[in-house]
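> Fold the following and give me the result.
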Amino acid sequence: MPGTEFRMTPNGLLDRLSETVAGAQSTEQLTRPLLDLLELITGLESTYLTRIDLDEGLQTILYARNSAQMQIPEGLSVPWHDTLCKRALDEGRPMTEDAQGCWGDSEAARALGIRTYVTTPLHLEDGALFGTLCAASTTCQPLSAQGRQALTLFGTLIEQHLQREHMLDRLREANRQLEAFSNTDPLTHLPNRRALTRELHRLFTLARREERTVLVAFIDLDGFKAINDTHGHEVGDAFLVEFARRLQDAVRTSDILGRFGGDEFVVAGLAPSDTNATEAWRARLAPLLQGRFVLDACTLEYGGPSLGVIGIDPASSTPQEALKQADAAMYAQKKLRHART
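Here you go, the predicted model:
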């Protein structure tokens, strides 16, 4: 009961701790049983974990255990400068049985009726303050050596779990960035061939399910070598970036687009199976990919790329076959254009 020191055998405490630590998959799963144990060991009415946002100047109750008159609500946020935690940390006073006498100017403590109060800070691996583990009561409740040890131990366990979670978060973010890097063309920031191939497989699966045609456009930048030779590779790179931007503006949000390699790009999308949309695609894309390209170093008049567009039945073909057919259609157009010049 609150106000009565709880007696727990060392083996019983270790068993409860072992079960809690071994089974916890999140900070919440670890903290809630520890708050229960902390309330039992100390006899204090409320035990709670807080998060401190120094930039916003707020302290928020993340998880709380309330067993009697005192009710500390989860989600409560109070100004950091007004909290008992800040006063305790600043003064090096982790425990008091007379919070009103020590810190009577704290509105939060006065509103909650806190008299006995104990806290321990929690830090991340870089030393940054994460929050606090606290216990409090509206009555004077002396804290035994066992209670102080439990608070310190539980705080350490939560702190270590938080540090592991932050480490895992950083690893996941690093993996996400690595995955994005491995699937993105570094110059144009479009999906690269690897990502494009994967998305084509997804598009074919969707097209088969919806009984639709897959449209594939294979684009090769005629005259790109001459741009590099005449103006230099920096201008050539800038031209590729601007060309990619125009492609992005030209495609629909449901289409997929990627840099296939060098001066080759691929666009793919879906169309109703009972229509011939290839010429409509060509008519929509071709005018946007030619004309004046205003770059930082110069302005280029570009005659447009060779563009091969095909419509294919996904039930009788594969993404690889579609790319080959679109590539062949592109080369057929390239030969026709060269024959006219």
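> okay, CA-based contacts and neighbour counts for the rest of this
Will do.
> Is C134 in a helix, a strand, or coil?
Three-state call for C134 (DSSP: H, G, I helix; E, B strand; the rest coil): strand.
> Give me the distance between the nearest residue to it once chain neighbours are set aside and H201.
Spatial nearest neighbour of C134, chain neighbours left out: T119 (4.3 Å); criterion: C-alpha to C-alpha, 6 or more residues apart in numbering. According to C-alpha to C-alpha, to the nearest Å, T119 stands 56 Å off from H201.
> Hmm, L143 and T119 touching each other?
No. Contact criterion C-alpha atoms under 8 Å: T119 and L143 do not qualify, at 11.7 Å.
> Which one of the two is surrounded by more residues?
A count of neighbours by other C-alpha atoms under 10 Å puts T119 above the other of T119 and L143, at 25 against 19.
> which residues touch that one?
Shown in contact with T119 (C-alpha atoms under 8 Å, 6 or more residues apart in numbering): 85, 88, 94-95, 132-135, 151.
> how close does the residue lying closest to K334 once chain neighbours are set aside get to L289?
The shortest distance from K334 to any non-neighbouring residue, by C-alpha to C-alpha, 6+ apart, is to S306 (5.4 Å). S306 is 10 Å from L289, where distance means C-alpha to C-alpha.
> Identify each buried residue in stretch 197-207, please.
Neighbour-count burial for stretch 197-207, counted by 16 or more other C-alpha atoms under 10 Å, picks out 197, 199-200, 203-204, 207.
> Now find how far off-centre it is within its chain.
Offset of stretch 197-207 from its chain centre (C-alpha atoms, centre = their mean, to the nearest Å): 25 Å.
> Let me know the average pLDDT across it.
Averaged across stretch 197-207, pLDDT comes to 94.
> Strands along the stretch 51-200 of the chain, start to end?
Applying DSSP state E, counting those that start in this stretch to the stretch 51-200 of the chain gives strands spanning 58-66, 77-79, 95-96, 116-123, 129-137.
> want to throw those strands into CSV with distance to I312 and mean pLDDT?
Converted to CSV, the strands of the stretch 51-200 of the chain look like this (distance: least, C-alpha to C-alpha, whole Å; pLDDT from 0 to 100):
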stretch, distance to I312, mean pLDDT
strand 58-66, 55, 96
strand 77-79, 59, 92
strand 95-96, 75, 92
strand 116-123, 59, 94
strand 129-137, 56, 95
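> which stretch among the ones you listed comes nearest D327?
With C-alpha to C-alpha as the measure, strand 129-137 is the member of these nearest D327 (56.3 Å).
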